[in-house]
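Colleague: here are the coordinates; sequence isn't available:
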């Protein structure tokens with residue numbers, strides 16, 4: 001399956017200043033969006049650590065990235081465990097770099113150069129598929145749409161093209177040895193149709209320490225037949241214009257700051 005373009009793409013990254021939400025709240029509990037070693041962890045006017053900031057072209061303080069793209073080695077796939085589609089704006093309050101809607105829309109919420117408080121950790125990217133795909137919930141279980149499968153494959157191909165250091169892909173459940181998510185996150189519908197596809201077609205590996213992927217995640221009964229995407233008339237492989245500047249930040253750094261920006 002040849003991927004030529006990603007047209008259904010939405011960039012919701014915030015400006016690199018104080019405006020981005022940094023925690024999500026459930027009842028009285030909260031969870032940080034950014035990892036413990038992120039420059040954006042605990043951000044705000046009361047945090048005066050000068051090493052976390054750089055001056056933007058508009059003379060405001062901006063946060064430095066946590067890592068270079070060459071430090072990114074792996075991708076983790078998740079399911080959001082919500083029924084149906086959610087609003088695009090709502091994804092900005094959740095933890096992942098990318099979200100994929102059932103209609104195939106790819107939403108980019110947090111620069112990949114930041115470390116999130118999620119499975120990806122210091123060297124990974126987190127991708128959430130919107131929907132609920134627990135195989136044990138037969139009465140309410142959704143199937144991953146073909147649009148979401150195609151979008152997931154397109155995104156993985158584009159990430160590998162732009163970040164040559166990516167070598168591995170994992171289901172989130174591979175990290176959860178004694179947790180129900182071992183068999184259900186992202187679930188076989190996502191893992192078989194997107195994760196295993198990436199292993200076969202992109203050459204990505206799944207080894208993580210000595211931990212094997214659950215056989216329930218690898219249930220090939222969930223494999224879907226996906227039509228090939230036709231090539232452009234000129235036969236050339238072109239990357240999506242929408243993703244051309246995937247790793248450009250929202251501000252224009254000065255010449256002295258160029259080292260902090262990845263294009």
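Modeller: Right, received. Where do you want to start? Here the structure is a predicted model, which is why all the values come from computation and not from measurement.
Colleague: contacts and neighbour counts: CA atoms only from here.
Modeller: OK.
Colleague: Surely residue 192 is in contact with residue 215?
Modeller: No: the criterion here is CA atoms under 8 Å, and residue 192 misses it with residue 215 at 10.9 Å.
Colleague: which one of these two has more residues nearby?
Modeller: residue 192 (21 against 11; other CA atoms under 10 Å).
Colleague: residue contacts, the more buried one?
Modeller: 217, 218, 219, 220, 222, 223 (CA atoms under 8 Å, 6 or more residues apart in numbering).
Colleague: swap in residue 185?
Modeller: Going by CA under 8 Å, 6+ apart, residue 185 touches 77, 78, 79, 134, 171, 172, 173.
Colleague: ok, so of those residues, who is nearest residue 150?
Modeller: residue 77 (14.5 Å; CA to CA).
Colleague: Hmm, residue 224 is touching residue 193, no?
Modeller: Yes: with contact defined as CA under 8 Å, residue 224 reaches residue 193; the gap is 6.7 Å.
Colleague: neighbours around residue 128, how many?
Modeller: Using other CA under 10 Å, residue 128 has 25 neighbouring residues.
Colleague: need the contact list for it.
Modeller: Contacts of residue 128 (CA under 8 Å, 6+ apart): 77, 78, 79, 80, 96, 98, 99, 100.
Colleague: in what helix or strand does residue 153 lie?
Modeller: Assessed by DSSP states H and E, residue 153 sits inside helix 146-162.
Colleague: Buried residues, that helix. List them.
Modeller: Buried residues in helix 146-162, counted by 16 or more other CA atoms under 10 Å: 146, 148-160, 162.
Colleague: Show the pLDDT at residue 252.
Modeller: Residue 252 is assigned a pLDDT of 33 by the prediction.
Colleague: what do you get for the one 5 residues further on?
Modeller: pLDDT for residue 257: 31.
Colleague: show me where pLDDT drops low in the stretch 101-250 of the chain?
Modeller: 135-141, 177-178, 228-250 (pLDDT under 70).
Colleague: any chance you could map the helices in it?
Modeller: For the stretch 101-250 of the chain, applying DSSP state H, counting those that start in this stretch gives helices covering 146-162, 181-184, 188-190, 196-201.
Colleague: Could you tell me the end-to-end distance of stretch 129-143?
Modeller: End-to-end span of stretch 129-143 (CA to CA, to the nearest Å): 11 Å.
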